[in-house]
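Enquirer: One predicted model, sequence on top.
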Amino acid sequence: MSKIATLEIDGKKYEFPLIEGTENEVAIDIKTLRGVTGGVTTIDPGYKNTGSCESAITFLNGEEGILRYRGYSIEELAEKADFLEVAYLLIFGELPTKEQLEKFHVDIKAQSHVDEDVKKILDGFPKSAHPMGVLSSLTSALVAFNPSSVNVDSEEEMYNAIVRIMAKFPVLTAWAYRKRAGLPLDYGDDSLGYVENFVKMMFKKPSSDYQSNQVVVDALDKLLILHGDHEQNCSTSTVRIVGSSHAGIFVSISAGINALWGPLHGGANQAVIEMLEAIKEDGSDTKKFMSKAKDKDDPFRLMGFGHRVYKNFDPRAKIIKVAADEVLDSLGIDDPVLDIAKGLEKEALEDPYFVDRKLYPNVDFYSGIIYRAMGIPVEMFTPMFALGRLPGWIAQWKEMRLRKEPIGRPRQVYVGETLREFKDISKR
Ligand code: CMC
């Protein structure tokens, strides 16, 4: 294949190099476009055709339904690794040795306290506050209690910053839940693994000993792995773009949390279960909701379906669907919305509207059913996604800073008024 792309504007030809990734993805390198053409720009709302960076973290092939972290398939990682191992892999590029993993965990435990004054900030929120808003605010607030700038050229400072956020974020997530549930704020238990400790921080009751439930711990571990990273999605791009101004790691991640909150992104897991509940309340008439989803005059969308990149099964959804059956079975729960979800999936996969548009269930379609079976309330579903995505955000922020990427600053095509004269207020 030619290594050059040619662009012709007004009879004048310009050449741009093609670059190829390790999985043979081809991109036209237009870094010089504006310079050589005298200011011609590209327009691509939603960045559907725009590669914002070169990245060595996650590979995703939407046509074939492939997802790999650092070259390892998501299926293998979900089956064989644990979340902290995967977090290490995403952030540092290689699977850790036993010693490296132990050190990472010990360092995280040493940083897992949150300044007591953070509780006063949390106290200011009403109980009804959505935990995503609480989580993003508290994550930003961490700046006030920790070094606000990190010398990214110092491996040690970078490592310490990463450990700090990995350590404190689960505490803040658990606190966001406990505040809402009216439970006292708990700290972790250093004798436990990263995920089990989080489960304990969430569910420990003040009046009784905590009983670990391995089914819940294992299922959450797997869900967190599946959410670990997903290349340049909305929240990750947000983290990279905010970080590109050299804003610190806490505030960059806080911005990512806000981006994740929206129902078209991570907020879909909450929206899915609300939709399934609404279908159940309405008499479980899935056909009616399928028609609504296809009606262009109706804003309703089948939540948990469709994806910007996957035009085939989302590999994460396949794993989660199997896990949902297993978890509900192990916990002895019979949730009627699981049957509604399976019925909807079957109908959508046979419906020409969904088939033609290549709309398949995504990661959010079945995850809420598992969270609910674990006793996690619906408003906490998206914070669970955030906890899983944390290592991905960190890895992407780190990569962006180490590659010395320029500040993110897209161009536009201005379509407003041309120059006009100011009219005095008496003449308007
Ligand atoms: N229900 C009904 N129609 C849909 C749906 C849906 N869930 N998703 C896409 N379509 C239609 C859409 O109306 C459009 O139709 P037409 O070509 O006739 O105008 C076509 O399919 C293409 O959709 P799009 O909105 O242009 O595609 P996009 O890549 O901009 O959006 C999406 C991707 C995920 C935002 C979208 O599929 C959606 O809104 N899905 C529901 C929300 C959801 O489940 N989000 C979670 C995404 S995965 C996890 C994550 O990112 O956090």
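Expert: Thanks, I have it.
Enquirer: contacts, neighbours, all on C-alpha from now
Expert: Fine.
Enquirer: I'd like the next helix or strand past the helix or strand containing Val195.
Expert: Per DSSP states H and E: Val195 is located in helix 194-203. Counting by DSSP H and E, the next helix or strand C-terminal to helix 194-203 is helix 214-226.
Enquirer: Kindly format the C-alpha coordinates of that following helix as PDB.
Expert: Only the C-alpha atoms of helix 214-226 are listed here, as PDB (Å, rounded to 0.1, in the frame of the first residue of the first chain):
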ATOM      1  CA  GLN A 214     -16.500 -14.700  47.700                       C
ATOM      2  CA  VAL A 215     -19.200 -14.700  44.900                       C
ATOM      3  CA  VAL A 216     -19.700 -11.000  45.300                       C
ATOM      4  CA  VAL A 217     -15.900 -10.300  45.500                       C
ATOM      5  CA  ASP A 218     -15.100 -12.400  42.400                       C
ATOM      6  CA  ALA A 219     -17.900 -11.000  40.400                       C
ATOM      7  CA  LEU A 220     -17.000  -7.400  41.200                       C
ATOM      8  CA  ASP A 221     -13.300  -8.100  40.500                       C
ATOM      9  CA  LYS A 222     -14.300  -9.400  37.000                       C
ATOM     10  CA  LEU A 223     -16.600  -6.400  36.300                       C
ATOM     11  CA  LEU A 224     -13.800  -4.000  37.300                       C
ATOM     12  CA  ILE A 225     -11.400  -5.700  34.900                       C
ATOM     13  CA  LEU A 226     -13.900  -5.500  32.100                       C
END
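Enquirer: Summarise which helices and strands it is packed against.
Expert: helix 74-80, helix 83-92, helix 194-203, helix 315-330, helix 381-402 (3 or more Cα pairs under 8 Å, 6 or more residues apart in numbering; DSSP states H and E).
Enquirer: How about residues contacting it?
Expert: For helix 214-226, the external contacting residues (Cα atoms under 8 Å, 6 or more residues apart in numbering) are 74, 77-79, 82-83, 86-87, 195-196, 199, 316, 320, 323, 327, 330-331, 367, 370, 374, 384-385, 387-389.
Enquirer: So what's the model's average confidence on that helix?
Expert: For helix 214-226, mean pLDDT is 95.
Enquirer: quick one: is that helix near the ligand?
Expert: No: judged by Cα under 6 Å from any ligand atom, helix 214-226 stays clear of the ligand, getting no closer than 10.9 Å.
Enquirer: From the chain's centroid, how far away is that helix?
Expert: Centre-to-centre, helix 214-226 and its host chain are 16 Å apart (Cα atoms, centre = their mean, to the nearest Å).
Enquirer: ok, the nearest residue to Gly262 once chain neighbours are set aside - contacts?
Expert: Using Cα to Cα, 6 or more residues apart in numbering and skipping residues adjacent in sequence, the residue nearest Gly262 is Ala268, 7.4 Å away. By Cα under 8 Å, 6+ apart, the contact list for Ala268 reads 262, 303-304, 364, 382.
Enquirer: ditto for Thr382
Expert: 132, 260-261, 266-270.
Enquirer: List of residues touching the longest strand seen in the chain?
Expert: The longest strand of the chain (DSSP state E) is strand 12-20. For strand 12-20, contacts defined as Cα under 8 Å, 6+ apart pick out 3-8, 26-30, 36-37.
Enquirer: Just the pLDDT for the closest residue in space to Glu405 that isn't next to it in sequence.
Expert: Ranked by Cα to Cα, 6+ apart and with sequence neighbours excluded, the top spatial neighbour of Glu405 is Ser244, at 6.8 Å. You'll see Ser244 listed with a pLDDT of 97.
Enquirer: Ser244 against Arg401, yeah?
Expert: Yes: the criterion here is Cα atoms under 8 Å, and Ser244 meets it with Arg401 at 7.1 Å.
Enquirer: Contact residues of the protein facing the ligand?
Expert: 264-266, 268, 293-294, 301-308, 357, 362-364.
Enquirer: just checking, what packs against the helix holding Val195?
Expert: The elements that helix 194-203 packs onto, with contact taken as 3+ Cα pairs under 8 Å, 6+ apart, are helix 155-181, helix 214-226.
Enquirer: and the angle from it to helix 214-226?
Expert: 110 degrees (axes from the mean of the first three to the mean of the last three Cα atoms, to 10 degrees).
Enquirer: got the angle between helix 194-203 and helix 155-181?
Expert: Helix 194-203 runs at 30 degrees relative to helix 155-181, counting by the same axes, to 10 degrees.
Enquirer: Helix 194-203: how far from the chain's middle?
Expert: With Cα atoms, centre = their mean, you get 20 Å for helix 194-203.
Enquirer: And the pLDDT for Met1?
Expert: pLDDT, Met1: 66.
Enquirer: any idea how far the residue of the stretch 101-250 of the chain found nearest the ligand lies from Arg308?
Expert: Per Cα to the nearest ligand atom, Asn233 is where the stretch 101-250 of the chain lies closest to the ligand, at 6.5 Å. Asn233 sits 9 Å away from Arg308, taking Cα to Cα, to the nearest Å as the criterion.
Enquirer: Those two: who's more crowded?
Expert: Taking other Cα atoms under 10 Å, Asn233 and Arg308 do not tie; Asn233 has more neighbours (15 against 10).
Enquirer: give the contact list for that one.
Expert: Asn233 makes no contacts at all, as judged by Cα under 8 Å, 6+ apart.
Enquirer: Thanks a lot, see you next time.
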